[in-house]
Structures are given as C-alpha cells and as structure tokens.
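# pasting the structure only:
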C-alpha cells in the first residue's frame with residue numbers, strides 16, 4: 001500500500017485517507033459536493049471517485065442518501081472503501097472498480113450523478129509524469145465526451161448530473177450533451193473582478209434545451225481571505241444554492 005495522509009475535511013466531519021503522491025482532492029471536490037442537492041432517499045453515483053471526497057462530503061451533509069463511487073484504479077478504490085468505513089457509512093455507501101467508458105451498471109439507475117472529470121485538454125496542457133495524477137487531470141485515457149455520455153445515460157428519468165469543469169471546456173460539454181438537455185452554469189470566482197475559471201454545471205437530460213449562466217459565486221475577498229460563503233462551505237458543509245436565473249439570461 002502506498003504512503004497516505006490522514007486528513008480532516010469539513011471541520012472534521014469527514015476523515016480522508018489519500019496518497020502522499022499522485023492526485024490529491026481539494027477545494028474542487030468540496031465545492032462539487034456543496035452544489036449537489038439530490039432528492040430525499042436518492043441513489044447517487046460519483047464517476048471517477050478517487051479516494052471519495054466529493055461523495056463523502058455530500059454524505060456528511062445528507063444522511064438520507066445512498067451513494068456509490070466508481071474508480072478505475074483498484075488501489076485508489078480500496079482507499080475509498082476504507083474512507084467510507086472509517087466515516088461510519090458502510091451501510092449506505094459502496095465503491096466499484098470500473099471504467100467510465102464501460103460502466104458496470106445498466107442504464108437509468110441513479111437519481112444523481114456527480115463528477116470532477118479530468119478536464120485538462122492533453123493537446124493544450126502539460127502532462128504529469130505521475131500516472132495517477134495524469135489520469136485524474138488530463139482526459140487522454142477517457143475523453144470528456146465519454147464522461148458526459150455516461151453520466152447522462154445512467155440517470156433515471158428526471159434525474160440530473162452535477163459536474164465541475166474549467167471554463168475552456170464548456171463548449172466541449174455542450175457538444176456532448178444529448179439533444180434537448182438543459183444546463184445551468186454557476187461560475188466559481190476567485191477575488192472580485194477576476195474572471196471565473198471554474199464552472200459548476202447542473203445538467204438535466206430531460207430538460208427544455210436551455211443553457212443558462214447564473215451570477216458568479218465569489219469565494220475570496222479582495223485581500224484573498226475566504227468569503228463567509230466559502231468558509232461555510234469548506235468548514236461547515238454548507239450547501240451552494242442554485243439561484244433562479246432571470247429570463248434575460250436564457251439563450
């Protein structure tokens with residue numbers, strides 16, 4: 001077993017073992033979980049779960065959901081299983097080893113799918129020599145379009161997917177969506193006045209075809225300190241609310 005750290009997340013609500021080397025989960029994972037609001041009793045799937053931080057963060061806030069993580073790397077999947085058990089949620093969570101392009105599930109079996117896909121285009125970014133980090137960051141092994149196709153195919157009628165991606169991949173996501181899908185876009189900004197590089201996406205395959213960009217959620221003050229909302233998310237497991245979008249922003 002590789003060397004790991006034992007980290008406390010969300011003010012100690014989540015205990016997370018993750019590798020010292022390779023990809024390590026951070027704020028993106030917590031923001032993704034905060035943006036998820038599944039229906040009561042929902043069956044939730046995290047694609048490419050790694051050591052499980054997004055689904056564990058959601059589980060800490062929503063004790064009424066059942067969750068499944070899918071991870072392609074067996075050693076990392078074993079850490080996710082350990083993390084579920086160490087947090088006391090083995091009765092409502094599980095991990096399966098699987099490939100996003102060939103998931104070991106039938107169609108339409110989850111109420112919500114969440115994912116932090118490898119969103120760097122390998123043709124336009126530097127590759128990591130660390131295999132685990134490269135799999136988590138660059139979409140060379142499984143292109144982004146396969147993540148979108150799998151996420152939407154696994155949803156029950158009326159279900160939705162929540163993803164976090166970089167701004168430059170938005171058109172790629174849009175091109176991969178099934179016809180008629182609706183998508184809400186919630187930018188995550190750094191300091192005020194700076195462009196938002198990360199986007200939270202809420203996708204409804206059974207939607208009306210709308211694509212709506214909502215007001216940016218600012219996470220840092222001008223001096224770099226966390227905003228009250230960012231502090232509440234990172235320390236207190238607060239949710240990110242999806243505000244209604246005025247008709248003028250629909251396009």
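Ah, there it is. On a predicted model such as this, the values are computed, not experimentally measured, just so you know.
# tell me the mean pLDDT for the longest helix seen in the chain?
Secondary structure of the chain read by DSSP state H shows that its longest helix is helix 74-86. For helix 74-86, mean pLDDT is 97.
# Same question for stretch 158-177.
Mean pLDDT, stretch 158-177: 97.
# Any figure for the gap between the closest residue to residue 18 other than its chain neighbours and residue 183?
Excluding the flanking residues, the one nearest residue 18 by Cβ to Cβ, 6 or more residues apart in numbering is residue 51, at 4.4 Å. (C-beta placed from N, C-alpha, C; glycine too.) Using Cβ to Cβ, to the nearest Å, residue 51 is found at 28 Å from residue 183.
# Between the two, which has more neighbouring residues?
More neighbours surround residue 51 than the other of residue 51 and residue 183, with 27 against 23 (other Cβ atoms under 10 Å).
# doesn't residue 76 make contact with the more buried one?
Yes - counting by Cβ atoms under 8 Å, residue 51 does reach residue 76; the two are 6.1 Å apart.
# Next, show the common contact partners of these two.
Shared contacts of residue 51 and residue 76 (Cβ atoms under 8 Å, 6 or more residues apart in numbering): residue 19.
# which stretches of this protein form helices?
Using DSSP H, helices in the chain cover 27-34, 53-61, 74-86, 131-137, 144-153, 170-176, 228-236.
# how about those helices in a markdown table, adding distance to residue 97 and mean neighbour count?
Formatted as a markdown table, the helices of the chain follow (distance: least, Cβ to Cβ, whole Å; neighbours: other Cβ atoms under 10 Å):
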| stretch | distance to residue 97 | mean neighbour count |
| --- | --- | --- |
| helix 27-34 | 20 | 23 |
| helix 53-61 | 15 | 25 |
| helix 74-86 | 5 | 19 |
| helix 131-137 | 13 | 18 |
| helix 144-153 | 15 | 21 |
| helix 170-176 | 24 | 15 |
| helix 228-236 | 30 | 16 |
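# So, low pLDDT: which residues of the stretch 151-251 of the chain?
Along the stretch 151-251 of the chain, segments meeting pLDDT under 70 span 245-251.
# let's go with 90 and repeat that
190-194, 243-251 (pLDDT under 90).
# now for the longest helix of the chain, which elements pack on it?
Packing contacts for helix 74-86, counted by 3 or more Cβ pairs under 8 Å, 6 or more residues apart in numbering; DSSP states H and E, involve strand 14-19, strand 66-71, strand 93-97.
# pretty sure residue 42 is touching residue 111, no?
Yes - using Cβ under 8 Å, residue 42 is in contact with residue 111, at 3.9 Å.
# joint contacts of these two?
Counting by Cβ under 8 Å, 6+ apart, nothing touches both residue 42 and residue 111.
# what comes up buried for the longest strand anywhere in the chain?
In the chain, taking DSSP state E as the definition, the longest strand is strand 155-166. For strand 155-166, the neighbour count (16 or more other Cβ atoms under 10 Å) marks 155, 159, 160, 161, 162, 163, 164, 165 as buried.
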